[in-house]
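Undergrad: please find the sequence and the predicted model below.
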Amino acid sequence: MLGKCFSNPYVRRLLKPLYRLMYHPFINKLLRPFLGHMQFALGAMGIMTPAVGRLEFRLSDGKRFYMESDGYDSIINMLYWNGLDSFEGETIPLFIKLVSRSRSMNIIDIGANTGLYAITAAIENPSAKVYAFEPHPGIFKYLKNNIKTNSLDNITAEQSALTNHNGIIDLYIPAGMYGEIEHKIPTTSSTLKDFRRSSETITVPAIKLDTYCKEKNIKDVDLLKIDTEGTEHIIIEGGLETITRDQPIIICEVLEGITERFLHELLSPIGYEYYWLSGSGLVKQETISGHSDKNMNYLFVTQRRKAALLELEIKKRE
């Protein structure tokens with residue numbers, strides 16, 4: 001009944017000026033104690049519940065970090081209103097365990113977006129060097145700002161797309177509408193054409209992981225996190241020399257019907273094993289098989305790094 005009311009064009013026109021005000025930083029801060037209780041009503045209007053400004057988050061060990069948001073970042077909104085376990089809740093705790101151990105000294109976040117994983121890694125392991133790649137110039141500004149906001153000097157942010165060649169590449173940016181409020185900055189992009197409905201194509205710098213590691217003299221990559229909207233296998237192809245040499249633990253999104261076969265063909269000869277990050281722990285898979293539900297991430301590991309999982313008492317289901 002409520003959804004039908006808010007879908008009425010006349011009602012939406014009346015409410016439009018009001019919910020635009022929610023994106024004003026000062027007004028949003030004043031309304032924030034009440035907005036959390038309005039998520040159902042706002043969802044019925046087809047818009048996100050925005051959290052705007054400098055937002056504080058607390059990790060399970062009590063450490064804090066901050067993210068700057070204009071209210072259009074769906075991931076940050078979700079985390080702010082529903083907690084850190086509301087987005088990839090099966091992955092972030094595992095990621096924190098892996099980065100917090102002293103041996104994870106070189107961590108590469110590919111598809112860093114506004115910096116959630118990179119910032120978490122840098123805070124949990126101040127001795128580590130974190131390399132964060134985000135090709136979209138608008139999102140990259142937020143990434144850089146969030147690094148500065150947290151006073152982190154152990155993150156190197158790169159506005160480049162990792163791929164299987166050096167030079168330039170087209171980046172496809174999807175159209176985004178939340179109710180009648182248009183995205184200022186997209187929360188996702190891909191170098192894979194037609195992956196999602198796109199409204200804009202821009203050209204961005206491109207580099208291979210192998211090339212980057214040689215240029216930066218990165219001798220041992222310990223951990224890779226890859227989430228690039230359908231091009232994960234292309235990135236691994238461009239970093240195969242490094243991955244074969246270092247055999248890092250890889251946390252990777254696997255998209256059903258798009259990337260499974262290519263990932264398997266690249267990683268199987270190196271000796272990687274595959275674990276699906278289910279809601280109840282790591283589940284051993286003989287082959288890489290995507291899942292259509294919200295748990296789309298995998299952990300890839302070789303025998304060389306497998307002992308680290310046992311040391312950290314990470315739950316596995318064979």
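TA: Received, thanks. Numbers count the residues shown, from 1 in each chain.
Undergrad: centre of the chain to the host helix or strand of Ile173, how far?
TA: Secondary structure from DSSP states H and E places Ile173 in strand 167-174. Put simply, strand 167-174 sits 18 Å off its chain's centre (C-alpha atoms, centre = their mean, to the nearest Å).
Undergrad: packing partners of it?
TA: strand 161-163, strand 198-208 (3 or more C-beta pairs under 8 Å, 6 or more residues apart in numbering; DSSP states H and E). Placement of C-beta: from N, CA and C, glycine included.
Undergrad: which parts of that strand are buried?
TA: Ile169, Leu171, Tyr172, Ile173, Pro174 (16 or more other C-beta atoms under 10 Å).
Undergrad: leaving out sequence neighbours, find the closest residue to the second one.
TA: Right, Leu171. Distances taken as C-beta to C-beta, 6 or more residues apart in numbering place Val204 nearest to Leu171, at 4.8 Å, with adjacent residues excluded.
Undergrad: and the fourth one, by the same measure?
TA: Leaving aside its sequence neighbours, Ile173 sits nearest to Glu200 (C-beta to C-beta, 6+ apart; 4.5 Å).
Undergrad: distance of that neighbour relative to Ala112?
TA: Separation of Glu200 from Ala112 (C-beta to C-beta, to the nearest Å) stands at 20 Å.
Undergrad: more neighbours: those two, which one.
TA: Comparing Glu200 with Ala112 by neighbour count (other C-beta atoms under 10 Å), the higher total belongs to Ala112, at 27 against 11.
Undergrad: the closest residue to that one other than its chain neighbours: neighbouring residues, count only.
TA: Nearest non-adjacent residue to Ala112, counting by C-beta to C-beta, 6+ apart: Ala132, 3.8 Å away. Using other C-beta under 10 Å, Ala132 is surrounded by 29 other residues.
Undergrad: now for Ala132: which residues touch it?
TA: Asp109, Ala112, Gly115, Ala118, Leu143, Ile147, Ile155, Thr156, Ala157, Glu158 (C-beta atoms under 8 Å, 6 or more residues apart in numbering).
Undergrad: what angle do the strand holding Ile173 and strand 198-208 make?
TA: Here strand 167-174 runs at an angle of 150 degrees relative to strand 198-208 (axes from the mean of the first three to the mean of the last three C-alpha atoms, to 10 degrees).
Undergrad: the residue nearest to Ile173 contacts Gly138, correct?
TA: No. Using C-beta atoms under 8 Å, Glu200 is not in contact with Gly138, being 10.7 Å away.
Undergrad: quick one: least confident helix or strand in the chain?
TA: The least trusted helix or strand in the chain, going by mean pLDDT, DSSP states H and E, turns out to be strand 177-178, with a mean of 37.
Undergrad: quick one, phi/psi of Ile92?
TA: Dihedral pair for Ile92: phi -60, psi -40, per degrees, to the nearest 10.
Undergrad: that one contacts Thr120, correct?
TA: Yes. Using C-beta under 8 Å, Ile92 is in contact with Thr120, at 7.1 Å.
Undergrad: give me the element Gly290 is part of.
TA: Using DSSP H and E, Gly290 maps to neither a helix nor a strand.
Undergrad: and the residue nearest to it when sequence neighbours are not counted, which of the three is it?
TA: Closest residue in space to Gly290, ignoring its immediate chain neighbours: Glu256 at 3.1 Å, by C-beta to C-beta, 6+ apart. Secondary structure for Glu256, judged by DSSP: H, G, I helix; E, B strand; the rest coil, is coil.
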